[in-house]
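Undergrad: build the 3D model from these lines:
(chains A, B and C)
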Amino acid sequence: MDRIYRIGIDEVPRHLTLNEQEHLRLTFVVMPGISADIPFEINIGREGVNLEILGLYLSPHSEQVHFKVTVRHLVGGSHSSQLFRGIVGGKARARFDGLVYVAKDAQKTEAFQENHSILLSEGAVAETHPQLEIYADDVKCSHGATCGYLNPDELFYLRSRGIPEKEARKMQMISFISPVIGHLPEDLQQQIISRL
Amino acid sequence: MAEEKDILAAAVSKEYSEGFVTDIEQEFIPKGLNEDIIRLISAKKDEPAWLLDFRLDAFRKWRQMTPPAWGHLSRLPKIDFQDIIYYAAPKKDEERPKEIDPALQETFDKLGIPIREREVLAGVKSKVAVDAVFDSVSVSTTFRKTLAGMGIIFCSFSEAVREHPDLVRKYLATVVPVGDNFYAALNSAVFSDGSFCYIPKGVKCPMDLSSYFRINASGTGQFERTLIIADEGASVSYMEGCTAPMRDENQLHAAVVEIIVEKDADVRYSTVQNWYPGDAQGRGGILNLVTKRGLCRGENSHLSWTQVETGSAITWKYPSTVLMGDNSSSEFYSVALTGNFQQADTGTKMIHIGKNTRSRIVSKGISAGHSENSYRGLVRINPGAVNARNHSQCDSLLIGSECGAHTFPVIRNSSPSAIVEHEATTSRISEDQLFYCNQRGISPDDAVGLIVGGYAREVLSRLPMEFAVEAQKLLSVNLEGSIG
Amino acid sequence: MKYLLEIHDLHAGIAGKEILHGINLCIPKGEIHAIMGPNGAGKSTLGAVLSGHPDYVVTSGSISFAGKDLLAMSPEERSWAGLFLSFQYPIEIPGVSITSFMKAAVNARRKAAGELELSPAQFLKLLKEKMSLVGMKGEFARREVNVGFSGGEKKRSEIFQMAMLDPVLSILDETDSGLDVDALKIVADGVNSLHSPQKSALVITHYRHLLDLVKPDIVHVLKGGRIVAEGGMELADRIEKYGFEGIDG
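TA: Numbers count the residues shown, from 1 in each chain, chains lettered A, B, ... in the order given. Modelled structure (predicted):
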């Protein structure tokens, strides 16, 4: 199952419970100009679930974007991953709150969570609260978060190959967001890339 | 053959060898907290008016505040602040007021704390100057004269107030303001003793300085205050240790530590926290609610925190650094071990203000038994913190299926030239590792100690030598019986 | 006591599934025995059961080691009694140096034998001596146990530990078909240089090549959880030529 939520256009359920053995992929896309609070909770109620949550936020002006994602592993033997990537510029503020909760006895859970932001300008703010709350020992859980800027060495490399700076920067941004948008339908990908 | 569940059975039983009580005549002030009590504490210590005013101001602020409830500490009881004795001190022999009471001497001997210089000079151990605090008073500070020869001031806080009031007044509450948080405000109102240390310009302190805190009396709390100032180009390594008797009651420890690091100065602050953790059923133990913060005020200043937290029923502690000076840097290295019903919520804050500021966080949590162990941290990069860098690594190790391990970091970046990286993992001691050690003849208990020591090595290796040995021993003792 | 190791009608398995269906095997003091067998014959299971791996369950039969009931002993007691298993896949222990690991092992064993722990100087001497015996450089002692080791380094580390612990029975689980010639040589050199009339070894492999290097006294063939044939090197020759097909009890 593949579900795509374009924030501001598609309705986002606040709460989901997964009781079927399934592979579910959810993608959240926040386009430039959109400010939103996105609270989203998902409970995994059985083993064999494979949940993948992807999120993209492009906030170059004065947007305020706030993801609040909670994934609860109530029983063991399931897999969840979260990957949120965003580019923040202007006076925009982006915040990611992500909680992975693993209940007692939810053994053999695998849960991963990542949030990466690129900050383009003075005045922009990126904030991340990646949280792990774990009550079972035989689990594989990790999270990672980074906040930085486009790599100048990479930029130089592209330019040295004759790519104009503006285009090179765009390529870098495409490369940065590609893990999140790679599986999206071609027209949506193009739409996103055209807004970079 | 034993099931894995049995092998990694939950209960962490431990021997707490510092749990004895010293039988000594002590003077107490009445229970409870009000302005009269504060005046009484101030009078006991013969304090100047400005300090009494400081205390009263703090008390008034505190009364308006409520205890923080955001910690992941379900077992933190509601504390009745009127049911605590805020000052307890061993009675002085009136005929020999300068002598150390033999009972106190014996206590510190038993704890392995050298409170006489000749013992240190005669010993093979490295030279350490000690300020030993027993309940509400400092009983001895060694090597004061030797250090004074280099301009270093190392004494109890009370003496500093008497002998160096200008310095105390200049720096007190400049890093942790009186109303910073509930427990810091409480400490500011009632603090009794603690250590004071000033390293003058350009001086490298020739020996490690240390404070040792001992709670003895029942029904009391300990509220010490430590102030460390490293002036331009100075450097010092500071160590702190603590223990308390085994009791069924909870006892409150609410300290404040402030550190000021000037231009080009370097302070290394190490703690081995071994307060009584409570018994196997979770009865008793110290409530360790402390505020520690350093200010890297000058350019190129450096502050390093290393902590090994094995004791206390409750730990609520976030040694933090404000990186104000350009090119200043700070590290936080932590091992927190919880067993039985202990709960720890500990971490750090790194506030980047200056340009090119650097910080690094390495946190290793180990949970066993029915305990809860949380890392909580904040990395904040302010808009002007050009080229700031932070890297955080927070690992959790779970031993048994009845405990919890949590990671609650916050990163807030407002500087487009900054790079902040955080990673966290959760693991357990694998059955394969245990069996491999067993096959080589290492018993399950020793194997757990060995594996946990390896897991924590990056932090332990930062401690001064003697502390590292002590810390490694504590980790092993506290894990004994955590399996099979 | 005629035999150092005496396995009688051993039935054992893992996760409720029986893998060994009645093994009988005896190793006298001073001999090197080999176990050969196809994949899935139960070779690694035998090594795991002998060393007391907690996942493996013995349902019936007996094992006596140096006159004692091996099955009643914990893994570390077996180690103290002189049984050593060289792991097919040695386990990584991050942060723990080879030195601390071996110090803990050597001293635990001395303690169990009622001997005093080695002083740091004595231990260092022993460490250096055994390292040079297996051709290792000083930096090795400071490395973390098996972390980032190449295949050959892992083997060398196992043989070094064997030298340090000076076992009376070494069990070498070399079933991995991925082992290269150099790694096999490390194992063989180790077994040969540490061998004496007081000691025995059990080499588990399906390579004839390893056996050429260690020259076992007896070769046992393990197939379908049973020992189906016993003989000398000629048995290994036959397996080399014709495979395990047709070798039956």
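Undergrad: can you name the residue of chain A nearest to chain C?
TA: The nearest approach of chain A to chain C comes at residue A:138, 14.2 Å away (Cβ to the nearest Cβ). All C-beta spots, glycine's among them, are computed from the backbone N, C-alpha and C.
Undergrad: just the element for that residue, please.
TA: Under the criterion of DSSP states H and E, residue A:138 resides outside all helices and strands.
Undergrad: could you report the neighbour count for the closest residue to it other than its chain neighbours?
TA: The shortest distance from residue A:138 to any non-neighbouring residue, by Cβ to Cβ, 6 or more residues apart in numbering or on different chains, is to residue A:107 (4.4 Å). Neighbourhood size, residue A:107 [other Cβ atoms under 10 Å in any protein chain shown]: 16.
Undergrad: least confident secondary structure element in chain C?
TA: strand C:93-97 (a mean of 83; mean pLDDT, DSSP states H and E).
Undergrad: state the three-state secondary structure for the most centrally placed residue in chain A.
TA: Centrality entry for chain A: nearest residue to the mean C-alpha point is residue A:84, 1.5 Å, by Cα atoms, centre = their mean. For residue A:84, the assignment made with DSSP: H, G, I helix; E, B strand; the rest coil gives strand.
Undergrad: and the pLDDT at it?
TA: What the model reports as pLDDT for residue A:84 is 97.
Undergrad: list the residues that contact it.
TA: By Cβ atoms under 8 Å, 6 or more residues apart in numbering or on different chains, the contact list for residue A:84 reads A:54-57, A:67, A:69, A:96, A:98, A:114-116, A:180.
Undergrad: try 7 Å this time
TA: With contact taken as Cβ atoms under 7 Å, 6 or more residues apart in numbering or on different chains, residue A:84 is in contact with A:55, A:67, A:96, A:115.
Undergrad: roughly how far does it sit from residue B:146?
TA: Using Cβ to Cβ, to the nearest Å, one gets 57 Å for the distance from residue A:84 to residue B:146.
Undergrad: any idea how far the helix or strand where residue A:127 lies is from the middle of the chain?
TA: In the assignment (DSSP H and E), residue A:127 maps to strand A:125-134. Per Cα atoms, centre = their mean, to the nearest Å, the displacement of strand A:125-134 from the mean C-alpha position of its chain is 12 Å.
Undergrad: can you list the buried residues in the helix or strand following that strand?
TA: The first helix or strand that comes after strand A:125-134 along the chain, using DSSP H and E, is strand A:140-148. Residues of strand A:140-148 classed as buried: A:141-148 (neighbour count, 16 or more other Cβ atoms under 10 Å in any protein chain shown).
Undergrad: could I get the average pLDDT for strand A:140-148?
TA: Mean per-residue pLDDT for strand A:140-148: 94.
Undergrad: same deal with stretch A:159-178?
TA: Average pLDDT, stretch A:159-178: 84.
Undergrad: tell me the bridge partners for the closest residue to residue B:260 other than its chain neighbours.
TA: Nearest residue to residue B:260, sequence neighbours excluded (Cβ to Cβ, 6+ apart): residue B:229, at 4.7 Å. On the basis of DSSP bridges, residue B:229 is bridged to residue B:198, residue B:260.
Undergrad: residue B:229 and residue B:171 touch, don't they?
TA: Yes - applying Cβ atoms under 7 Å, one finds residue B:229 in contact with residue B:171, separated by 5.7 Å.
Undergrad: tell me, what's touching the two both at once?
TA: Common neighbours of residue B:229 and residue B:171 (Cβ under 7 Å, 6+ apart) are residue B:260.
Undergrad: those two: which has the busier surroundings?
TA: Neighbours per residue, other Cβ under 10 Å: of residue B:229 and residue B:171, the larger number sits with residue B:229, 25 against 18.
Undergrad: SS state for residue B:359?
TA: Following three-state DSSP, residue B:359 is assigned to strand.
Undergrad: what's the closest non-adjacent residue to it?
TA: With sequence-adjacent residues excluded and distances taken as Cβ to Cβ, 6+ apart, residue B:359 is closest to residue B:350, at 3.9 Å.
Undergrad: what about that neighbour, distance to residue B:383?
TA: For residue B:350, the distance to residue B:383 - Cβ to Cβ - is 16 Å.
Undergrad: would you pull up the residue in chain C closest to chain A?
TA: For chain C, the residue closest to chain A is residue C:55, as judged by Cβ to the nearest Cβ, at 14.2 Å.
Undergrad: so that residue sits right up against residue C:12, yeah?
TA: No - the criterion here is Cβ under 7 Å, and residue C:55 misses it with residue C:12 at 10.7 Å.
Undergrad: who's more crowded, the two?
TA: Neighbours per residue, other Cβ under 10 Å: of residue C:55 and residue C:12, the larger number sits with residue C:12, 25 against 15.
Undergrad: rewinding a little: contact partners of the least confident helix or strand of chain C?
TA: With contact meaning Cβ under 7 Å, 6+ apart, strand C:93-97 is reached by B:433, B:450-451, B:453-455, B:457, C:101, C:141-147.
Undergrad: now, those residues that are in helices?
TA: B:433, B:450-451, B:453-455, B:457, C:101 (DSSP state H).
Undergrad: for PyMOL, write a command that selects the buried ones of those.
TA: The PyMOL selection below is limited to those of these classed as buried (16+ other Cβ under 10 Å):
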select buried, (chain B and resi 433+450+451+453+454+455+457) or (chain C and resi 101)
